[in-house]
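Enquirer: sequence unknown, structure follows:
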């Protein structure tokens, strides 16, 4: 017997304007007005900016102002560079690149919605018919499930930060969501069109972050079809054609790179070498990382998804569990087999988990749903109140201890009141209060009531962080001020600059300071920029050719918030 029994009143769809508004509130804060920070976001933007400012070699051999970065694949950087080319003149290079990030996020969220919608319309997912009628129509049921899946997807803690970065990981999770959708459509209808679109998605995944993930998901899809008793030979033929198309798409980058050899180097060799480093043997380290980080990274999707597997355990061969579960199992294995565990390896799990979680939500008891609601209201409201209190303390100095603790993290920073950001934060807070009041006063029976508070509260915390505290975060994490200082101290007529700075620093210095770093092929320069730690001896940290009496120091500085990082500018004496 199916574990779902719902009246039509429980499947009222979330108003389209409300879902659209939540999506805008989710993605726009953190993209507008934020500097590239000290992480992969700045490094990825540096590749995009270098492509947009450079020539054909930069498009075939990704690099950050001369620092080679051909590892993952160029697709995410091509999209960002196109955004700069098309819109940079109007919106600025940084915002132009982030338009691609917005498009990637929208594509991923839509893919999750349509995946859940199509699965929810199927007969094997429909709730039991009620004795006197009143059960929901298939389309209404599918739309409600789709809304719940998107709300769970937006509420996942692991997606929040990564979806606002110009990185290949953000593109990978969106393309994987589309692959999940195409896999569902293929199982429903194994047509040539669906095979071609699966191949397109596999090619996009390969150009985004290498071949291990698309190859593993192809195997997962084949095993899934066999469990669902689709013809094996036909499935092998179709998936072989999809892989062939994905290979052709990948060769659109690799063949020109191999033939033209940008900067006298082959992207194929570097890319294949990086792919080989993505697979290893499972270790205790990877297992501990998965459970320690995954507990919060996949919240709140994983409890609902686990419950879905349990609740539907007696319904054999149901598409809405088999397809996303096969993706989840294969992606978990990929994460465990990764020799260097990182959060980027967990991101692809979010779309299939969100879809499964929507079906787990169907069977949750009212008491469990109310418990989740109250937990969301108390924790997220308390978090928002703490943020407002710290913001007030930094502006007024009261309470004194809170102001001291907050400003200690950004020494030298002087807070100022920005009326526009204050207005946005106040409106978001008022919207949260109205949402909580609606939930408590009306006691709605709709299915998505259990996750709308979780998603809305998380979006509120993000909006407050990216409005009230954005100046402090930029001051603490951006290299813009250091870039301006270095630019001002460069000797006149400096043609090139040798350096050992990392990718994020190099990108920020090239963009904000227009520093003329050496190209991919290197060269001898008369100016040197060093990055090191004051607590480490130069002989242990600085290469021999970058130290010695032949270098005269011109400037030394650092970000005020980071005492463990130092930059020094030198001129060659001879």
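Expert: Yes, it's here. In this text, all values refer to a predicted model and were calculated from it rather than measured experimentally.
Enquirer: which residues touch the least confident helix or strand in the chain by mean pLDDT?
Expert: The weakest-scoring helix or strand in the chain, judged by mean pLDDT, DSSP states H and E, is helix 538-541 (a mean of 71). For helix 538-541, contacts defined as CB atoms under 8 Å, 6 or more residues apart in numbering pick out 532-533, 547. All C-beta spots, glycine's among them, are computed from the backbone N, C-alpha and C.
Enquirer: give me the buried subset of the residues you listed.
Expert: Among the contacts of helix 538-541, the ones that count as buried by 16 or more other CB atoms under 10 Å are 532, 547.
Enquirer: any idea which of the contacts of helix 538-541 is the one closest to residue 161?
Expert: Nearest to residue 161 among the contacts of helix 538-541: residue 533, at 25.7 Å, using CB to CB.
Enquirer: what sits against the nearest residue to that closest one once chain neighbours are set aside?
Expert: Leaving aside its chain neighbours, residue 533 sits nearest to residue 564 (5.5 Å; criterion: CB to CB, 6 or more residues apart in numbering). Going by CB under 8 Å, 6+ apart, residue 564 touches 533-535.
Enquirer: gap between residue 564 and residue 531?
Expert: According to CB to CB, to the nearest Å, residue 564 and residue 531 sit 11 Å apart.
Enquirer: do the same with residue 386
Expert: 35 Å.
Enquirer: neighbour count for the two, which is higher?
Expert: Using other CB atoms under 10 Å, the more surrounded residue of residue 386 and residue 531 is residue 531, with 18 against 13.
Enquirer: pretty sure the more buried one is touching residue 559, no?
Expert: No: Residue 531 lies out of contact with residue 559 (CB atoms under 8 Å); the separation is 11.4 Å.
Enquirer: what touches both of these two?
Expert: Taking CB under 8 Å, 6+ apart as the contact rule, residue 531 and residue 559 both touch residue 565.
Enquirer: circling back to that earlier point, which one of the contacts of residue 564 sits closest to residue 394?
Expert: Nearest to residue 394 among the contacts of residue 564, with distances taken as CB to CB, is residue 534, at 28.1 Å.
Enquirer: who's the closest residue in space to the closest one that isn't next to it in sequence bridged to?
Expert: Computed as CB to CB, 6+ apart, the closest residue to residue 534 that is not its neighbour in sequence is residue 566, at 5.1 Å. Counting by DSSP bridges, residue 566 is bridged to residue 532.
Enquirer: now do the same contact list for residue 566.
Expert: Contacts of residue 566 (CB under 8 Å, 6+ apart): 531-534, 556-558.
Enquirer: pull out the buried positions in the longest helix seen in the chain.
Expert: In the chain, with assignment by DSSP state H, the single longest helix is helix 366-396. Using 16+ other CB under 10 Å as the test for burial, helix 366-396 gives 372-373, 376-377, 380-381, 383-384, 387, 390-391, 393-394.
Enquirer: among those, which one sits closest to residue 12?
Expert: Closest to residue 12 out of the buried residues of helix 366-396 is residue 373 (17.3 Å), distances taken as CB to CB.
Enquirer: dump the residue contacts of that closest one.
Expert: So, once contact is read as CB under 8 Å, 6+ apart, residue 373 ends up touching 439, 449-450, 453.
Enquirer: residue 13 too?
Expert: 140, 143-144, 147.
Enquirer: cool, and residue 181?
Expert: 111-112, 114-115, 118 are the contacts of residue 181 under CB under 8 Å, 6+ apart.
Enquirer: got the buried residues for the helix or strand containing it?
Expert: Under the criterion of DSSP states H and E, residue 181 resides in helix 168-188. Neighbour-count burial for helix 168-188 flags 168-187 (criterion: 16+ other CB under 10 Å).
Enquirer: give the closest residue to residue 466 in space, chain neighbours not counted.
Expert: residue 29 (3.7 Å).
Enquirer: pLDDT below threshold where in the stretch 51-200 of the chain?
Expert: 128-135 (pLDDT under 70).
Enquirer: let's see it at 90
Expert: 70-72, 122-142, 144, 166 (pLDDT under 90).
Enquirer: who's in contact with the nearest residue in space to residue 39 that is not next to it in sequence?
Expert: Setting aside the residues directly before and after it, residue 39 is nearest to residue 504 in space (CB to CB, 6+ apart), at 6.1 Å. Going by CB under 8 Å, 6+ apart, residue 504 touches 36-43, 46, 479.
Enquirer: quick check: the two most widely separated of those residues?
Expert: Longest span within these, CB to CB: 40 and 479, 14.3 Å.
Enquirer: more neighbours, those two?
Expert: A direct count of neighbours by other CB under 10 Å for residue 40 and residue 479 places residue 479 higher, at 27 against 20.
Enquirer: list phi and psi for the more buried one.
Expert: Taking degrees, to the nearest 10, you get phi -100, psi 10 for the backbone angles of residue 479.
Enquirer: what about the closest residue to it other than its chain neighbours, neighbour count?
Expert: Distance criterion CB to CB, 6+ apart; nearest residue to residue 479, sequence neighbours excluded, is residue 508 at 3.7 Å. Using other CB under 10 Å, residue 508 is surrounded by 27 other residues.
Enquirer: same check, this time on the one 3 residues further on
Expert: Counted with other CB under 10 Å, the burial measure for residue 511 works out to 24 neighbours.
Enquirer: kindly report the same for the one 10 residues further on.
Expert: Burial measure for residue 521: 10 neighbouring residues, criterion other CB under 10 Å.
Enquirer: just checking, it touches residue 68?
Expert: No: look at residue 521 against residue 68 with CB under 8 Å: they stay out of range, at 9.7 Å.
Enquirer: which residues are in contact with both of these two?
Expert: With CB under 8 Å, 6+ apart, residue 521 and residue 68 have common neighbours residue 263.
Enquirer: sorry, back to before: with distance to residue 81 added, can I get the buried residues of helix 366-396 in JSON lines?
Expert: Shown next, in JSON lines, are the buried residues of helix 366-396 (distance: CB to CB, whole Å):
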{"residue": "372", "distance to residue 81": "42"}
{"residue": "373", "distance to residue 81": "44"}
{"residue": "376", "distance to residue 81": "40"}
{"residue": "377", "distance to residue 81": "43"}
{"residue": "380", "distance to residue 81": "37"}
{"residue": "381", "distance to residue 81": "42"}
{"residue": "383", "distance to residue 81": "37"}
{"residue": "384", "distance to residue 81": "37"}
{"residue": "387", "distance to residue 81": "35"}
{"residue": "390", "distance to residue 81": "38"}
{"residue": "391", "distance to residue 81": "36"}
{"residue": "393", "distance to residue 81": "42"}
{"residue": "394", "distance to residue 81": "38"}
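Enquirer: relative to residue 45, how far out is the nearest residue to residue 88 once chain neighbours are set aside?
Expert: Using CB to CB, 6+ apart and skipping the chain neighbours, the partner closest in space to residue 88 is residue 96 (3.8 Å). Here the criterion is CB to CB. By it, residue 96 lies 10 Å from residue 45.
Enquirer: looking at those two, which is more packed in?
Expert: residue 45 (29 against 23).
Enquirer: so where does that one fall, helix or strand?
Expert: Here residue 45 sits within helix 40-53, counting by DSSP H and E.
Enquirer: now do that helix against helix 168-188: the angle between them, please.
Expert: Counting by axes from the mean of the first three to the mean of the last three CA atoms, to 10 degrees, helix 40-53 lies at 90 degrees to helix 168-188.
Enquirer: show me which positions of the helix or strand following helix 40-53 end up buried.
Expert: Downstream of helix 40-53, the first helix or strand assigned by DSSP H and E is helix 56-60. By 16+ other CB under 10 Å, the buried positions in helix 56-60 come out as 57-60.
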